[in-house]
Structures are given as C-alpha cells and as structure tokens.
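Asker: can't give you the sequence, but here's the structure:
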Ligand SMILES: CC(C)(COP(=O)(O)OP(=O)(O)OC[C@H]1O[C@@H](n2cnc3c(N)ncnc32)[C@H](O)[C@@H]1OP(=O)(O)O)[C@@H](O)C(=O)NCCC(=O)NCCS
C-alpha cells in the first residue's frame, strides 16, 4: 500500500466506493464524481487529500481542509476539518491509520492547531476510529458527535 496525493484520475474510483458506502447506509453526503472533484480534489480550502492505493486500486482517502469563516459545519475558522472514507472491502486493515499519519503531518506543516471530525452519532465504527487516532468529543450538535484532535498538546 502506498499513500499519495489524490489526483483527478482517482475521482472515478473514489466516487465508486463512496456509492457503496451510501448504499450500505454509512454515507449521507453526495457521492457523485463532480462532488468528489469539487469537494476533495479541487476544494479551495484543501490542505491535503491523500489516497491509499494498492496495485492500482484506491483503498481509501482522507481529506483535510481548513475551516473557512461561516463554514456549514460550524467549525471554528482556522481549524482543520477531516473526513475519512475507506473502501468497504479494505476496512480494518490499517488504511485509515496510515492515512492519518500523513494528514497529521500535513496539519502540522500547515500550522493547524486543532482538527474537527464531525461524525454521525449512529456510526460506531467511525467514532471508534477517530477515538483510536486521538480525537476527543468536544460538542454534540443534533445527530452528530464532533471530535477534536489537538496538535498543540494543550488541554482545552
Ligand atoms: C471508520 C473508518 C474510517 C475506519 O477506517 P479503517 O481503515 O477501517 O481503520 P483502521 O483499520 O486503520 O483502524 C484503526 C483503528 O481504529 C479503530 N477501528 C477502526 N474500525 C473499527 C471498527 N469497525 N470497530 C471498532 N474499532 C475500529 C480500531 O482501534 C483500529 O485499530 P486496530 O485495528 O488496531 O484495533 C472506515 O471504516 C470507513 O471509511 N467507514 C465508512 C465511512 C465513514 O464512516 N467515514 C467516517 C465518516 S465521518
């Protein structure tokens, strides 16, 4: 498995397995190729969007963006916003862990102090994943559990 930046030629596979996640009820956001292109590859707030690839198969990707003022997720401007999406057939193989190693470094390089992960409160796998990566719950708007990763090492 290698980790590299996502590029436009990855969009078809990324959208393909997002549709699998939608079909299984694990994704509620859009999953089309134009959405993937605009929101992950070409997002103006993008810090890094990394993919994990094995033998030409995209196993998963992780998006790290900078929260802009007035962002729709209600995240503090200047924080990072993270999203993780693993192909169902590649789950629980360490892909998400490997991706976070790269995103963590990208956040440090971008002088991001805190990263938000907003997770549906009925998604125990994602809650366990982010908890294992060191994220901790800091707010719970309706239907969501929002976890924060603190790169400053300072308690809130
Ligand atoms: C949740 C998700 C991101 C985890 O990615 P992954 O590549 O399967 O996770 P990893 O194999 O790297 O697991 C890292 C750690 O997270 C935790 N973890 C991951 N999946 C878990 C699960 N299903 N149940 C319990 N703990 C889990 C474990 O502590 C694991 O470490 P371990 O395997 O050594 O015990 C992935 O399953 C996914 O994309 N799910 C669907 C989409 C989604 O919900 N994304 C998040 C939206 S906010």
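Answerer: Thanks, I have the structure now. What you are looking at is a predicted structure, and each value in this text was computed from that prediction instead of being measured. Numbering: from 1, shown residues only.
Asker: Can you check the pLDDT for residue 154?
Answerer: pLDDT recorded at residue 154 is 66.
Asker: how about the helices of the protein, start to end?
Answerer: 11-23, 33-36, 95-109, 124-133 (DSSP state H).
Asker: Of all the ones you listed, which one comes closest to residue 68?
Answerer: helix 95-109 (16.0 Å; C-beta to C-beta). In this view, the C-beta of every residue, glycine as well, is placed from N, C-alpha and C.
Asker: burial count for the residue in the chain positioned nearest to the ligand?
Answerer: Residue nearest to the ligand within the chain (C-beta to the nearest ligand atom): residue 96, separated by 2.9 Å. By other C-beta atoms under 10 Å, 23 other residues sit near residue 96.
Asker: now the one 4 residues further on
Answerer: Neighbourhood size, residue 100 [other C-beta under 10 Å]: 24.
Asker: cool, and residue 26?
Answerer: With other C-beta under 10 Å as criterion, residue 26 counts 18.
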